[in-house]
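*Asks:* Have a look; sequence and predicted model below, questions after that.
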Amino acid sequence: MRKIVFLATLIVAGLIIQSGVFPLFSVNGIKPDLLLLLVIAFAVQRGGETGAVLGLVTGLIQDIVFGHVLGLFAGSKMVTGALAGLIGRRFFGENPLVLAALALLATVVHSISLLLLAGLSGILEPEGPRLLMEIVLPEALTNAVLMLPIYYYVRRIVRQGNIFLPSAGEGRFPG
Amino acid sequence: MSGLDRYRRLLGVLFSLLLVTSLMSLTVRERERITVLEQAILEALAPLQTLANNTVVRVEGFFRGLAEMRVVYQENLELRDQVGKLKASGIRLQELEQENKRLRALLGFIERGSDFRPIPARVIGRDPSNFFSTILLDKGSRNGVSKDLPVVTGQGLAGRVIAVSPTTSRVRLITDPASAVGARLQSSRFEGVVEGTVGTRGELQLIHLSQDAKVVTGEIVITSGLGGIFPSGIGIGSVKGSFVTRRGLERVALVEPFVDFQRIEEVMVMAAAAGPTGEEQ
């Protein structure tokens, strides 16, 4: 029970920091996606299944609190978490540059899946190239910079074993 | 991986996809009410968000104050000098008259008065994504806030309430890509619809203007009252340019909003005059 509460606290704290703190310090209106970074970090540590489930849960809470179509961020974060887990566990070493590149790539995947879902449900009109330059790439770069401290924090708490994480017994990343 | 594991995972993937698509199809249209579960999550998070927001605003204000102290001091000296000159020449009175006219135009709906009762509210959360623009307020149905009420600031129109829980409400800002507000150009009276856009420019677009509409840079855009949600005469922004669409059928004006949405902290929800009081808390 204590481990589940810790996980819930981490997600809620992430959401509050992301919605209460980051917007006030955004650069040119661009905010990093802390929840996405947490999902990626856990996915790299514990695999695609953990990434997918955490992505689904955190995205759903984000959808609920900020009034998006339910499933919009849940779906995009779930896909990103799953892919980050699969790719991260296969190719990741303890190399900060590779880790930053993973955050960059995962942010692009997250944005594209978000825009696809939003486009399919008629919320946004397709404006791919402009949005890529104006939002997706700056956010991806910001996330890449923030990925390292988030990853090392997540690695520490996963190794301490104080947190509940859904997984199919994939075990910890050996690094 | 055993066959059973593979089967279980496949089921998990299918279930997740089904869950996401079902949720999306059920909630893609705007709902009259949010579910009990959504309400419970909003209510549970509201005190934490209020606390975090208040702390951050104070800390940010303190540091900003420190950083700007020198500039403010310099500005203060210049302003004192300017006020003295204005007093001497009588221009100040003229300035105030002009400002008064402008504010009356922007907040004309308050002048007309008795139809609306402002409920002051603080912003306790901002949309964490870079694609959408919603905010959370610390006032909800207990304070008389209900769905579709307009939300304004001292500068102009901010958005409208799209969901309410007992102590919080969610507002879609006019910069959100899903927002649409009936609007008109204040001088030429041409009418259209102001839409939000995705992106960091934070600009609005006044669409559905006739192709031959005279659009002058700097002209003020106000709500038209058409659509029934926003009263007429609320200031939205000023025109900063226009273009004719590719098919040549209509003109689109680019509008700079009056409200600084990056720094929005307090708003007023415009409730109907005969509702419950806005000062219960």
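*Replies:* Good, I have the coordinates.

*Asks:* List the buried residues of stretch B:246-256.
*Replies:* Going by neighbour count (16 or more other C-beta atoms under 10 Å in any protein chain shown), the buried part of stretch B:246-256 is B:251-256. C-beta: built from backbone N, CA, C; applies to glycine.

*Asks:* Between those residues, which sits nearest residue B:54?
*Replies:* Checking the buried residues of stretch B:246-256 against residue B:54 with C-beta to C-beta, the nearest one is residue B:256 at 29.8 Å.

*Asks:* Per-residue pLDDT of residue A:104, please?
*Replies:* Per-residue pLDDT puts residue A:104 at 94.

*Asks:* How many residues are close by it?
*Replies:* 19 (other C-beta atoms under 10 Å in any protein chain shown).

*Asks:* Isn't it up against residue A:141?
*Replies:* Yes - using C-beta atoms under 8 Å, residue A:104 is in contact with residue A:141, at 6.9 Å.

*Asks:* who touches residue A:114 in this structure?
*Replies:* Neighbour list for residue A:114: A:72-73, A:76, B:129, B:131 [criterion: C-beta atoms under 8 Å, 6 or more residues apart in numbering or on different chains].

*Asks:* wait, is residue B:242 part of a helix?
*Replies:* No - going by DSSP: H, G, I helix; E, B strand; the rest coil, the assignment for residue B:242 is strand, not a helix.

*Asks:* Now for residue B:49, which secondary structure element holds it?
*Replies:* In this assignment (DSSP states H and E), residue B:49 forms part of helix B:36-89.

*Asks:* I'd like to know how far residue B:8 sits from residue B:15.
*Replies:* Distance check for residue B:8 against residue B:15: by C-beta to C-beta, to the nearest Å, it reads 10 Å.

*Asks:* who has more neighbours, those two?
*Replies:* Each of residue B:8 and residue B:15 has its neighbours counted (other C-beta under 10 Å); residue B:8 has more, 14 against 10.

*Asks:* Would you mind pulling up the elements that the helix or strand containing the more buried one packs against?
*Replies:* Taking DSSP H and E as the definition, one finds residue B:8 inside helix B:3-27. For helix B:3-27, the elements it packs on are helix A:48-66, helix A:72-91, judged by 3 or more C-beta pairs under 8 Å, 6 or more residues apart in numbering or on different chains; DSSP states H and E.

*Asks:* Distance to residue B:116 and mean pLDDT added to the ones you listed, as CSV?
*Replies:* Listed next are those as CSV, based on distance: least, C-beta to C-beta, whole Å; pLDDT from 0 to 100:
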stretch, distance to residue B:116, mean pLDDT
helix A:48-66, 27, 90
helix A:72-91, 33, 89
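
*Asks:* To residue B:65, which of the ones you listed lies closest?
*Replies:* helix A:48-66 (29.9 Å).

*Asks:* Check whether that closest one comes near chain B.
*Replies:* Yes - with C-beta under 8 Å from any C-beta of the partner chain as the criterion, chain B is reached by helix A:48-66 at A:49, A:52, A:56, A:60-62, A:64-66.

*Asks:* Can you pull out the low-pLDDT segments for the stretch 101-250 of chain B?
*Replies:* In the predicted model, the stretch 101-250 of chain B carries pLDDT under 70 at residues B:101-114, B:200-201.

*Asks:* How about the contacts made by residue B:173?
*Replies:* B:133-135, B:158-159, B:179, B:196, B:261.

*Asks:* just checking, which of those belong to strands?
*Replies:* Judged by DSSP state E, these include B:134-135, B:158-159, B:196 as members of strands.

*Asks:* Now flag whichever of the contacts of residue A:114 is closest to residue A:20.
*Replies:* Among the contacts of residue A:114, residue B:129 lies closest to residue A:20 (C-beta to C-beta), at 14.2 Å.

*Asks:* How is the closest one assigned, secondary-structure-wise?
*Replies:* coil.

*Asks:* how much space between it and chain A?
*Replies:* Residue B:129 sits 7 Å away from chain A, going by C-beta to the nearest C-beta, to the nearest Å.

*Asks:* With residue B:260 instead?
*Replies:* The gap separating residue B:260 from chain A is 11 Å, by C-beta to the nearest C-beta.
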